[in-house]
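Engineer: Fold the stuff below for me.
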Amino acid sequence: MSDAPIEPQDYIYGVNVVQIEDLRVARGLTRRPACACRHKKLVYDDKERRVWCSDCEAEVEPFDAFLGLVEVFSAGTNRINRRAAELAEAEKFQIRSRAAKVMDEAWRSTKMAPLCPHCNNALLPEDVVGGLASMSKEFVMADRKRKASPKPK
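Structural biologist: Numbers count the residues shown, from 1 in each chain. Presented below is the predicted three-dimensional model:
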């Protein structure tokens, strides 16, 4: 829009004609009334250097078209940033202990299965999917110590 001031025009014949658009601009409003169309389907015409909406076939101001593009790209950027934050949070909860990493590496083998260090039975991933029984570490250490010590005769 032009920044030139609005000049009243005097007509030779009778009544002065006042443009409603000029009154709206004088009050600080826009020349174009608000439209119900959100102008989602914009057509950019390079030859005529204009932007118009293919839904309502109204001409769209370049700033409004630019604002629509910025909103789309901003939403896409926010979606990518949110996905990156979700991935970073998921990476925090990956397996950290060395024993779990060793077991995971052993289970990835296609031809071999890891063996239990005590009973030498094969351990398959299906064996631990439903959960594992647990026992106090103190009890296990005491039991191992008792088995390792020589028995009196």
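Engineer: What are the boundaries of the helices in this structure?
Structural biologist: Here the chain has its helices, by DSSP state H, at 20-26, 62-92, 98-107, 125-128, 137-148.
Engineer: Can you tell me what sits against the fourth one?
Structural biologist: Right, the one you point to is helix 125-128. residue 107 (Cβ atoms under 8 Å, 6 or more residues apart in numbering). C-betas here are computed from N, CA, C, even on glycine.
Engineer: Tell me how many other residues crowd residue 56.
Structural biologist: Neighbour count of residue 56, defined by other Cβ atoms under 10 Å: 14.
Engineer: Make sure it is actually in contact with residue 39.
Structural biologist: Yes: the pair residue 56 and residue 39 qualifies as a contact (Cβ atoms under 8 Å) at a distance of 7.4 Å.
Engineer: Which strand residues bridge residue 50?
Structural biologist: When bridges are called by DSSP bridges, residue 50 pairs up with residue 45.
Engineer: Including distance to residue 50, could the helices of the chain go into JSON lines?
Structural biologist: Listed next are the helices of the chain as JSON lines, based on distance: least, Cβ to Cβ, whole Å:
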{"stretch": "helix 20-26", "distance to residue 50": "19"}
{"stretch": "helix 62-92", "distance to residue 50": "8"}
{"stretch": "helix 98-107", "distance to residue 50": "61"}
{"stretch": "helix 125-128", "distance to residue 50": "63"}
{"stretch": "helix 137-148", "distance to residue 50": "76"}
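Engineer: So which of these is nearest residue 48?
Structural biologist: Between residue 48 and these, the shortest separation by Cβ to Cβ is 12.5 Å, and it involves helix 62-92.
Engineer: mind giving me the domain split of the protein?
Structural biologist: Annotated domains of the chain cover 36-92, 95-123 [automatic domain parsing].
Engineer: Export the ones you listed as TSV, with columns for distance to residue 3 and mean pLDDT.
Structural biologist: Compiled in TSV, those are given as follows (distance: least, Cβ to Cβ, whole Å; pLDDT from 0 to 100):
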stretch	distance to residue 3	mean pLDDT
domain 36-92	15	89
domain 95-123	63	81
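Engineer: List just the one of the ones you listed that sits closest to residue 131.
Structural biologist: Nearest to residue 131, of all these, is domain 95-123, at 14.3 Å by Cβ to Cβ.
Engineer: Quick one: distance of the closest one to the chain centre.
Structural biologist: 37 Å (Cα atoms, centre = their mean, to the nearest Å).
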